[in-house]
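Novice: Any chance you could fold what I've pasted below:
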Amino acid sequence: MAPVPAPLLVLGSVVSIQFGQALGKSLFDEVGATGAVALRLGLAAVILGLLHRPAPPRTRAEVVTVLGLGTAIAGMNLIYLALVYLPLGLATSLQLLGPIALALVTSRRWRHGALAVLAGGGVWLFHGGDVTAFSLPGVLLALASGAAMAAYLLLSSRAGQASPNGRPLALAVTWAALLTVPLGVAQGGTALLEPPTLATGLVVAVLSAVLPYSLELAALRRLPPRTVGVLQSLEPATAGLAGTVVLAEQLRAVQWLALGCVSAASAGTVALGRARPPGHGEPVPRAPGHGQEVRAGRPARTS
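Specialist: So this is what the prediction gives:
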């Protein structure tokens, strides 16, 4: 059976995480934003621990990777605090600027700069140019979550290349839970243990953490972080849809246009990244009986 194409893994992650986050926002009235994060990461850590039964890291490099990845995952959950102030679509658009910035930093093609301007214009269009429409704390929290998301993509790629299974991810999510659960308990208290809240939290943990993190880890074994980051271009539009379906957050036509701009910018970055200029391809294996291989459009002696 052929493996699932890596882009489809990322697409599955996008859809899962946005509907999971929309459902997570519905918990705010019962347990608050940090309480929702505690349920998300705490239950995800338990599920991933049972699935992978990870052994403690044995080398310094493994410890650094796990702690770094876990801290980045905890940082990404600042998006939940941003959702206190912002609708899901805008928060996700701002968060996506982190992966887009990663794509720009790791690419030297000027066209990506034009696409970044398109993405920024889409974010501006979302609130109709009225910067007072949403609070500054929400914007800053979403941007901080985006920076953590860029770090997560880089570190998750390293973890995926270093291990053929999900053990580093399980350890990283456990560390993220240790960083965030105490804050959630302080805000949510005993309400976190109510059976309906726990049941909803379990669904949120699976949809917005266990499934998407696992899919992205698998995709990052076959794709570079830059490509995975921009393949998440559908996140703002998916977030807008999830916000409408789950939270009844109605978007105006111009806001859907804004989400389309961000999505088009990211998708364009993917398309440009795949179009390799002549002479910049991968090495071509040498033909039998010849002592040279073709690299970057010219022969290179191998013997």
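Novice: So Pro168 sits against Val63, correct?
Specialist: No: under the criterion of CB atoms under 8 Å, Pro168 is not in contact with Val63, lying 10.5 Å apart. The C-beta positions use only the backbone N, C-alpha and C, and glycine is treated the same way.
Novice: Who has more neighbours out of the two?
Specialist: It is Pro168, of Pro168 and Val63, that has more neighbours when counted by other CB atoms under 10 Å, with 24 against 13.
Novice: Can you check the pLDDT for the closest residue to that one other than its chain neighbours?
Specialist: With sequence-adjacent residues excluded and distances taken as CB to CB, 6 or more residues apart in numbering, Pro168 is closest to Ala159, at 4.0 Å. The per-residue pLDDT reported for Ala159 equals 81.
Novice: The helix or strand that Ala159 is a member of: how far from the chain's middle?
Specialist: According to DSSP states H and E, Ala159 maps onto helix 136-162. Computed by CA atoms, centre = their mean, to the nearest Å, the chain-centroid distance of helix 136-162 equals 7 Å.
Novice: name the helices or strands packed onto it?
Specialist: helix 60-76, helix 78-82, helix 88-105, helix 167-188, helix 211-220, helix 225-231 (3 or more CB pairs under 8 Å, 6 or more residues apart in numbering; DSSP states H and E).
Novice: Quick check: which of those is nearest to Ala253?
Specialist: Between Ala253 and the helices and strands packed on helix 136-162, the shortest separation by CB to CB is 13.1 Å, and it involves helix 88-105.
Novice: how many other residues sit next to Leu8?
Specialist: Neighbour number of Leu8 under other CB under 10 Å is 13.
Novice: gap between it and Ser16?
Specialist: According to CB to CB, to the nearest Å, Leu8 stands 12 Å off from Ser16.
Novice: about what we covered before: roughly how far apart are the residue nearest to Pro168 and Ile47?
Specialist: 18 Å.
Novice: In terms of neighbours, single out the busier of those two.
Specialist: It is Ala159, of Ala159 and Ile47, that has more neighbours when counted by other CB under 10 Å, with 23 against 18.
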